[in-house]
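[1] Need coordinates for the below:
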Amino acid sequence: MGYSMTVTSTTTKTAALPGNSSTFTYSFAPMVVYASTNIVVTKTTVTGGAEETLTEGTGANNYSVNITTYPATGSITYPADQVTPMTSSFTLTIKRVLPITQTIDLANQGGYFPDTQETIADKGTIVDLQQQEVLDRSLTLPVSVTGVSVELPVPSALTGLRWNATATAIENGSGDTTVAIPVSVVQGGTGSTTAGGARTALGVVIGTDVQAFDAELAAVAGLTSADNKIIQFTGTGTAKVIDYLDDDTMAANSAEAVVSQQSIVAYITAQGVLPTGTVLLFYQETVPTGWTRVTTAAIDKHALVIDTQTALGSFTGTKGGANAFATAFNGTIASGSHAGTAPAHTHDLSTNWFNGGSAGADRERWGSDSSDIAAITKTTASGGAGGSHTHVMDLQVAYINLFLASKN
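    Below you'll find the model as predicted:
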């Protein structure tokens, strides 16, 4: 008696069975086959979807069917030599395909064998299922559409298919169905056959519409932005972010940070550096930025005196003397005018008083300091040789001009 079975499953192919670099056995249950030739194994590349139909055999790119007695369900071994298992870059799909033939011949008035009748019915059902699997992957029209043919016309080279004017049949396109080169922008193309022309047509000309690649910009683009961070270039095409601080005391003292202008002003103010109203001497051609020249007429052309005694409360504005600097130190002065018959001679002039003694007939006394300090002596020009005469002294002192300015 033959094998008795029924068709209770509509499965005609497996799902994609992935490789894992260790598996050799792939099941195709619950599909029942009548021979190993009823199996079609397709190997698919995961990336790109390229398909390859494998053949039964014993080699490295063959498969073998693991069934002892037919009809039955079972599994395959791939590769059949079981040397290198399939990797995860591939999948297998196992499909049952019976030949659409009927080889059972029922003799007239012959014996009736139910198993034989059942096998005929089972194979017919299986063929129906495999045909339905193909139909399920075919283009179909909606159920509500009637009176429309989907039969394709005779192929025509470089011609597109389209629905006819009444939308009842598919036909080859008529007229100029070739694609104009270049394809215009309005038709979804680039409007050019060159990269430069395409950029012009699309409005993305490098250096005009879009920024050309720049190593510095690329370096900046690679940074992670955050609050209170600024960019510092560390070399050609390299950059990093550093801190932007509000640090009025400069306590961070960091070589990797920059403080705000407000912090700089606050810090300088706190240090008391040159407060507003500070007056300094300048030897230059222009008044520094942030300063105003002092133009008080009462102190114009005055010499400077270091004063260590006058109280500071009444210090500013005090001055002495009666002669302008240019008047006192830009000519000669008469000294030692007297009568006599002495031969030609000179006089020594001293700026200090000698303690406890007379200066002598040939010496005139300057100043009022009664302490005995080193004498500063100047000799007059020679004069005399009889009669009244006057000695003179040259006082054309070399000098430079300075000006005062007040901090704004």
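[2] looking at the chain, which helix or strand is least sure?
    Every helix and strand of the chain was ranked by mean pLDDT, DSSP states H and E. The lowest is strand 363-365, at a mean of 36.
[3] wait, isn't A167 in contact with G147?
    No: judged on Cβ atoms under 8 Å, A167 makes no contact with G147 at a distance of 9.8 Å. Where C-beta positions appear, they are placed from N, C-alpha and C, glycine not excepted.
[4] Between these two, which has more neighbouring residues?
    In terms of neighbours (other Cβ atoms under 10 Å), A167 is the more surrounded of A167 and G147; the figures are 11 against 8.
[5] dump the residue contacts of the more buried one.
    Contact analysis of A167 by Cβ atoms under 8 Å, 6 or more residues apart in numbering lists V148.
[6] any low-confidence regions in the stretch 301-408 of the chain?
    Counting by pLDDT under 70, the stretch 301-408 of the chain has low-confidence residues at 312-318, 330-395.
[7] what's the answer for the stretch 101-250 of the chain, then?
    Along the stretch 101-250 of the chain, segments meeting pLDDT under 70 span 175-179.
[8] and the spatially closest residue to L161 that is not a sequence neighbour, what are its phi and psi?
    Closest residue to L161 apart from its sequence neighbours, by Cβ to Cβ, 6 or more residues apart in numbering: I170 at 5.5 Å. For I170, the backbone dihedrals (degrees, to the nearest 10) come out as phi -100, psi 140.
[9] Can you name the residues that contact I170?
    S149, V150, E151, L152, P153, L161, R162, W163, N164.
[10] Among the residues you listed, which lie within strands?
    Using DSSP state E, L161, R162, W163 are the members of these that sit in strands.
[11] Could you pull up the residues touching F325?
    Neighbouring residues of F325 by Cβ under 8 Å, 6+ apart: K301, H302, A303, Y399.
[12] again, only using 10 Å
    D300, K301, H302, A303, V397, Y399 (Cβ atoms under 10 Å, 6 or more residues apart in numbering).
[13] farthest pair in the residues you listed?
    D300 and V397 (17.8 Å; Cβ to Cβ).
[14] in whichever helix in the chain runs longest, what's buried?
    Ranked by number of residues, the top helix in the chain under DSSP state H is helix 114-136. Neighbour-count burial for helix 114-136, with 16 or more other Cβ atoms under 10 Å as criterion, is recorded at E118, T119, D122, K123, I126, V127, L129, Q130, E133.
[15] about what we covered before: can I get the contacts of I170 in JSON lines with distance to V7 and neighbour count?
    What follows is the contacts of I170, written out as JSON lines (distance: Cβ to Cβ, whole Å; neighbours: other Cβ atoms under 10 Å):
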{"residue": "S149", "distance to V7": "34", "neighbour count": "10"}
{"residue": "V150", "distance to V7": "30", "neighbour count": "11"}
{"residue": "E151", "distance to V7": "32", "neighbour count": "6"}
{"residue": "L152", "distance to V7": "34", "neighbour count": "11"}
{"residue": "P153", "distance to V7": "39", "neighbour count": "12"}
{"residue": "L161", "distance to V7": "39", "neighbour count": "13"}
{"residue": "R162", "distance to V7": "43", "neighbour count": "13"}
{"residue": "W163", "distance to V7": "40", "neighbour count": "11"}
{"residue": "N164", "distance to V7": "43", "neighbour count": "11"}
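[16] Next, give phi and psi for the nearest residue to S88 once chain neighbours are set aside.
    Nearest non-adjacent residue to S88, counting by Cβ to Cβ, 6+ apart: G19, 5.5 Å away. As for G19, its main-chain torsions (degrees, to the nearest 10) stand at phi -80, psi 160.
[17] how far away is G19 from A29?
    Distance, G19 to A29, by Cβ to Cβ, to the nearest Å: 19 Å.
[18] wait, what's in contact with Y267?
    Counting by Cβ under 10 Å, 6+ apart, Y267 touches D247, D248, T249, M250, A251, V259, V273.
[19] Please apply the same query to V279.
    W291, T292, V294, T316, L404, A405, S406, K407.
[20] is it in a bridge, and if so with what?
    According to DSSP bridges, the residues that bridge with V279 are S406.
[21] Pull the contacting residues for the residue nearest in space to the middle of the chain.
    Central residue of the chain (Cα atoms, centre = their mean): A221, 1.7 Å from the mean position. With contact set as Cβ under 10 Å, 6+ apart, A221 has these partners: D214, A239.
[22] where does it fall, phi/psi-wise?
    Torsion angles, degrees, to the nearest 10, at A221: phi -60, psi -30.
[23] that older thread, return a selection command, for use in PyMOL, containing the buried ones of the contacts of V279.
    In PyMOL, this line selects whichever of the contacts of V279 come out buried by 16+ other Cβ under 10 Å:
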select buried, resi 291+405
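[24] want to throw the contacts of V279 into TSV with distance to T87?
    Listed next are these as TSV, based on distance: Cβ to Cβ, whole Å:
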residue	distance to T87
W291	81
T292	85
V294	90
T316	95
L404	90
A405	84
S406	86
K407	80
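[25] can you tell me which two in the contacts of V279 are farthest apart?
    Using Cβ to Cβ, these reach their maximum pairwise distance at W291 and T316, which is 17.7 Å.
[26] V65 and Y34 touch, don't they?
    No: when contacts are counted by Cβ atoms under 10 Å, V65 is not listed as touching Y34 (11.7 Å).
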